[in-house]
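# next comes the sequence, and after it the predicted model I'd like to discuss.
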Amino acid sequence: MTIHVNAATSVDGKLASRRREQLAISGPADFARVDRVRAANDAVMVGVGTVLADDPSLTLDDPELVATREERGAPPQPTRVVADSNARTPPDARVLDDAAPTVVLVAAGAPDERVAAIENTGATVLAAGDERVDLPMAFEGIAARGLVDVMVEGGGELIFSLFDAGLVDELTVYVGSTIVGGRTAPTLADGEGFVDEYPTLDLVDVERIDDGVLLRYDC
Ligand SMILES: NC(=O)C1=CN([C@@H]2O[C@H](COP(=O)(O)OP(=O)(O)OC[C@H]3O[C@@H](n4cnc5c(N)ncnc54)[C@H](OP(=O)(O)O)[C@@H]3O)[C@@H](O)[C@H]2O)C=CC1
Ligand SMILES: Nc1nc(O)c(N)c(N[C@@H]2O[C@H](COP(=O)(O)O)[C@@H](O)[C@H]2O)n1
C-alpha cells in the first residue's frame, strides 16, 4: 500500500483562507500535474471537511488520462474515498454522483439514517473505528477492495492524522506565490499539532511550476 499526500499551500502554509472556501493556489500546469497523480492512483481521498467546504468532484476530466488508465486495465476513474466518521457527506455532494465509484469511511457510531442516505446514492460505506474513522483499519478495508495506491488531497485535519499515524509515504506540496494569512485559516497539517517529536521528511526534489514551487518529500 502507498499513501501519497498532495496539497497546495500559500507561502505562509495555508490551504485556504479563514473563510475555508476553495482557493485556487495551483496554476494550470500544477492542476494538470495533480490530475496525473490522480490518474496514477487507485483512489483519491479527502476528509469530510473538504467535501463540505469545496464540494469537489475528485474525478479525471482529461480523456487521455482516462484512456491511459483503461490501457493498463484499471477502471476509468480512481475511486473516491471520504473519511467521514458521522456520515455527514450530503447525499447531493458531487463525490456521491455517478461519475466514479465512492467509498465513504465512517465510524461504528454513525447515524443509521445518514449511512442509509449515502448508500442510496450507490456509494459503499465502510465502518472502521468506534467514534472516529480509524485510519489504519480503514486503509486495510479499502486495500481489501483492491485500492492499494491512494492519493490524499487534504485537508489539514486528515493530513495531520495521517502523519500522526505514520501512514504517509510521499508528500508533494505546491507552494504558490501568495500570502493568505489568518490564524484560523487551514494549514497543511492542523489537528492537535505535534510537540516534542516531529515527523522529519527527506526532501527529494524541488521544481518550479507555474508561478510557484513543487516540493517533493519521502516520508
Ligand atoms: N489547497 C489544497 O490543496 C486543499 C485545500 N483544502 C481546504 O482545506 C479546508 C478543509 O480542511 P479541513 O477542515 O481540515 O478538512 P478535512 O478534509 O481534513 O476533513 C476533516 C474531517 O475529516 C473527518 N475525519 C474522519 N476521520 C478522521 C481522522 N482519522 N482524522 C482526521 N479527520 C478525520 C473529521 O470529521 P468527522 O469527525 O465528522 O469525521 C474531520 O473534521 C477547506 O478550506 C478546503 O478548501 C482541502 C484540500 C486541499
Ligand atoms: N492541488 C490543489 N491546488 C489547489 O490550488 C487547490 N485548491 C486544491 N484543492 C483540492 O482539489 C479539490 C478540487 O477537486 P475537483 O477539481 O473538484 O476535482 C479540492 O477539494 C481540494 O481537495 N488542490
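Looks like it arrived, so ask away. Numbering: from 1, shown residues only. Ligands and ions are numbered 1, 2, ... in the order given.
# quick one: buried residues of the top helix by length along the chain?
Across the chain, the longest stretch assigned as helix under DSSP state H is helix 28-40. Across helix 28-40, burial judged by 16 or more other C-beta atoms under 10 Å covers 30-31, 33-35, 37-40. Glycine gets a C-beta too; all of them are placed from N, C-alpha and C.
# could you point out which element follows it?
Going down the chain from helix 28-40, the next helix or strand is strand 43-47, by DSSP states H and E.
# that next one vs helix 28-40, what angle?
110 degrees (axes from the mean of the first three to the mean of the last three C-alpha atoms, to 10 degrees).
# and ligand 1, is strand 43-47 touching that?
Yes. Using C-beta under 6 Å from any ligand atom, we find that strand 43-47 touches ligand 1 at 46-47.
# in terms of helices and strands, where is the most far-flung residue of the chain relative to its centre?
What lies farthest from the middle of the chain is residue 196; by C-alpha atoms, centre = their mean that is 26.9 Å. Under the assignment given by DSSP H and E, residue 196 is not contained in any helix or strand.
# thinking again about what came up before, quick check: mean pLDDT of the longest helix of the chain?
What helix 28-40 shows for mean pLDDT is 98.
# so what secondary structure elements neighbour that helix?
Applying 3 or more C-beta pairs under 8 Å, 6 or more residues apart in numbering; DSSP states H and E, one finds that helix 28-40 contacts strand 2-9, helix 63-71, strand 149-154, strand 170-175, strand 202-209, strand 212-218.
# what's in contact with the first one?
For strand 2-9, the surrounding residues in contact (C-beta atoms under 8 Å, 6 or more residues apart in numbering) are 15, 25-26, 30, 34, 37, 41, 139, 148-155, 159, 162, 167-176, 187-188.
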